[in-house]
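[1] Task: produce atomic coordinates for the following.
(2 chains)
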There are 2 protein chains.
Amino acid sequence: MISSKGRGNPRLCGAGDGAVFFDNFSDRSPTLRNLTATLLGIAFTAGASAWEPLPPTPPVPEDNPMTAEKVELGKQLFFDPRFSATGTVSCNTCHNLMLGGDDGRPTSMGVHGLTGPRNAPTVWNAAFHPSQFWDGRAASLEAQARGPVVAEVEMGMKDLDRAIARVRAIPGYRDAFARVFGGEQPVTVDNAAKAVAAFERTLVTANSPYDRWAAGDKTALSPQQVRGLEKFAALGCTGCHQPPAFSGPRKPNGHFAVFPFNDGPYVDRYRLRDDIGRMAVSGRESDRHKYKIPTLRNVALTAPYFHNGRVATLDEAVRVMAAAQLNVEPPADDVADIVAFLQALTGEFPALTLPRLPATPGVSLIDP
Amino acid sequence: MISSKGRGNPRLCGAGDGAVFFDNFSDRSPTLRNLTATLLGIAFTAGASAWEPLPPTPPVPEDNPMTAEKVELGKQLFFDPRFSATGTVSCNTCHNLMLGGDDGRPTSMGVHGLTGPRNAPTVWNAAFHPSQFWDGRAASLEAQARGPVVAEVEMGMKDLDRAIARVRAIPGYRDAFARVFGGEQPVTVDNAAKAVAAFERTLVTANSPYDRWAAGDKTALSPQQVRGLEKFAALGCTGCHQPPAFSGPRKPNGHFAVFPFNDGPYVDRYRLRDDIGRMAVSGRESDRHKYKIPTLRNVALTAPYFHNGRVATLDEAVRVMAAAQLNVEPPADDVADIVAFLQALTGEFPALTLPRLPATPGVSLIDP
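    The predicted structure is shown next:
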């Protein structure tokens, strides 16, 4: 069913061997590309135990235990636009929890209508990823949370000191930080990041049709979705997008991949190599065009696609990935089946109450 | 306690006589200004029955009855940013229900970082107002809801047809409109406006300390707040800001007032006459600098103040109003007492669940 162009044929190998593939991906010699493409094939089948459902809770770091009050504080901070230069942009602006945890835009629009270079990744299930940002430059949710606040084209605060000064100016936050973290000066950037990360660890969309199927309910996927799952594995997609989060495997240096790997018409059409990827933060030539492998959970809700958001639809994204990474051109039926399977990765979204944000009576913090 | 400058002394007259005052406010001859200022004094005292609490529900128009499903649909539309040109601005962006129903900015920031000329009024309790917008150009919430979607500096859609086409492109909305409104083509601008208005009629913040006091709990206000309430009435503020909503009285042409009425240093300092007010929409010279009388409910949460948002703090707003409308310079104690009373108008905010917004799987509606 899959039209291979001679390289990147599906092959069997153990799930989790991806590190070899990823480590070699930066080497662009045809021999090694064939080798790595060969290693892509994964022994996933519709019956294999490797199809794990998403756990109900993600890993929690020892130095940031979850408490209900910390999660609530993190939720307030996540939704609060007052920590952006204009008072108009919160975490939720670009990572909209009412939708797919993103903004539906090719690249995000921050303060003053400025736009950045990359597509907003979904925050749903981000707690399962080994690192954060497209280039993986943040090792944790805690580290990630500091970035957008001071990015000129996102929340646009001049520095984190000014941002935390705004938090500190709000009596309700001072009280909440004191209750949650204690200590003499609890309102710190570190603690704010911890609270936001704790909230984000609750943003789990388990119980998708795929999860119910993986847990044993074989009626949870339609026959087309089961075909799509089998083709997804046979094509080699699971080499990178592994259950349960369908993001990269948790290995040292094991969750990055060069994209696009192959040449072809899509590279220019969607300007896939304009961005040097992880090399921009590591400085290493071997990181050129490398990206963190994004999760495919809720991928049907996060169009448009890829690091630059230039691919408008999920079916085109499947074609681009097949060509750019696996050097195949799957027929339309296969694309449709894989898209149907990917739609089965849309999970159940936990009900969220809208937080009340603590007030500064009689005065606004925003001085735009 | 109140330092009068000879005009605008507190005088007794019946609550509700405001229409005379408002009708004459446009006439700027000193004689009539004295007359109208004299009429300002209102017989509100701490014990008078005129101090009504806010009803739990606002008036509902006969042609738009409330149903739970309509309210939920309206909530989704209210929070959905996909009906703005950039996909980044929803009703809630400028009328943030997590805060005071506004955005804390002098003037709002819409798509592409554009800003408009006026301060965002709070949406909380808007259903009690006789008209909407600062200039009262919309007679109903239903009429109001159409405006921001196509305002270039707000949601920036080229026209309402394109906006409703986006609604219509979302299967979950098509289904919801059909269930709520029925008919052959239920996804219309009229119906969308009705749903949003129905949701807004649930945005009532009753049970403020003032409301509990007005309902008989005489401990609900502090002694300072009671003093503030008495001074608020004695100064003549109740001539315009009448219970229960502390907005203008519901009379034909009776809820507009010229602002600023008097000359004085605040006029230039805060550029209070740069905007011609309601005259811009009516074309009538008699409407120059006339505005709808805004509610004072939750006013402590809606800084900065006035139609242009140029006054940063609530205490300065009280001084400006006393001078510009009543021609008095209240001493600092009186200002502090009145501010304390105004803070007692902060109500209880109903718990809101974050809506899930219906998806367009595999594709985004936003083409920025």
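[2] In contact with the residue in the stretch 1-150 of chain A that chain B sits nearest to, which residues?
    Minimum separation of the stretch 1-150 of chain A from chain B (Cβ to the nearest Cβ) falls at A:Gly113, amounting to 3.0 Å. Bear in mind the C-beta positions are built from the backbone N, C-alpha and C, glycine included. For A:Gly113, the set of contacting residues under the criterion of Cβ atoms under 8 Å, 6 or more residues apart in numbering or on different chains consists of B:Thr86, B:Val111, B:His112, B:Gly113, B:Leu114.
[3] Show me how to select, in ChimeraX, the buried members of those.
    Selecting in ChimeraX just the buried members of the contacts of A:Gly113, where the criterion is 16 or more other Cβ atoms under 10 Å in any protein chain shown, is done with this command:
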select /B:86,111,112,113,114
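[4] Need the phi and psi values for the residue of the stretch 1-150 of chain A closest to chain B.
    The phi/psi pair for A:Gly113 (degrees, to the nearest 10) reads phi 70, psi 10.
[5] for the residue in the stretch 151-300 of chain A positioned nearest to chain B, what are its contacts?
    Of all residues in the stretch 151-300 of chain A, the one sitting closest to chain B is A:Ala300 (4.1 Å; Cβ to the nearest Cβ). With contact set as Cβ under 8 Å, 6+ apart, A:Ala300 has these partners: A:Gly100, A:Leu314, A:Val339, A:Leu342, A:Gln343, A:Leu345, A:Thr346, B:Ala359, B:Pro361, B:Gly362.
[6] what about it, which SS state?
    Classification of A:Ala300 using DSSP: H, G, I helix; E, B strand; the rest coil returns helix.
[7] pLDDT score assigned to it?
    According to the per-residue confidence, A:Ala300 scores 98 in pLDDT.
[8] Now it: closest residue in space, sequence neighbours ignored.
    The shortest distance from A:Ala300 to any residue other than its chain neighbours is 4.1 Å, reached at B:Pro361 (Cβ to Cβ, 6 or more residues apart in numbering or on different chains).
[9] And that neighbour, its phi and psi?
    Note on B:Pro361: backbone dihedrals following degrees, to the nearest 10 are phi -60, psi 130.
[10] Can you tell me how far it is from B:Phe79?
    Note on B:Pro361: its distance to B:Phe79, by Cβ to Cβ, to the nearest Å, is 20 Å.
[11] Over to A:Thr188?
    If you measure A:Thr188 against B:Phe79 using Cβ to Cβ, the figure is 31 Å.
[12] ditto for A:His129
    Spatial separation of A:His129 from B:Phe79 under the definition Cβ to Cβ is 27 Å.
[13] First-to-last residue distance for stretch A:91-103?
    Across its full length, stretch A:91-103 reaches 11 Å between end residues, using Cα to Cα, to the nearest Å.
[14] do the same with stretch A:326-335
    Distance between the boundary residues of stretch A:326-335 (Cα to Cα) amounts to 14 Å.
[15] close to chain B, is it?
    No: using Cβ under 8 Å from any Cβ of the partner chain, stretch A:326-335 stays clear of chain B, coming no nearer than 11.2 Å.
[16] and that stretch, which residues are buried?
    Residues of stretch A:326-335 classed as buried: A:Leu326, A:Asn327, A:Val328, A:Pro330, A:Asp334, A:Val335 (neighbour count, 16+ other Cβ under 10 Å).
[17] Among those residues, which lie within helices?
    Among the buried residues of stretch A:326-335, the subset assigned to helices under DSSP state H consists of A:Leu326, A:Asp334, A:Val335.
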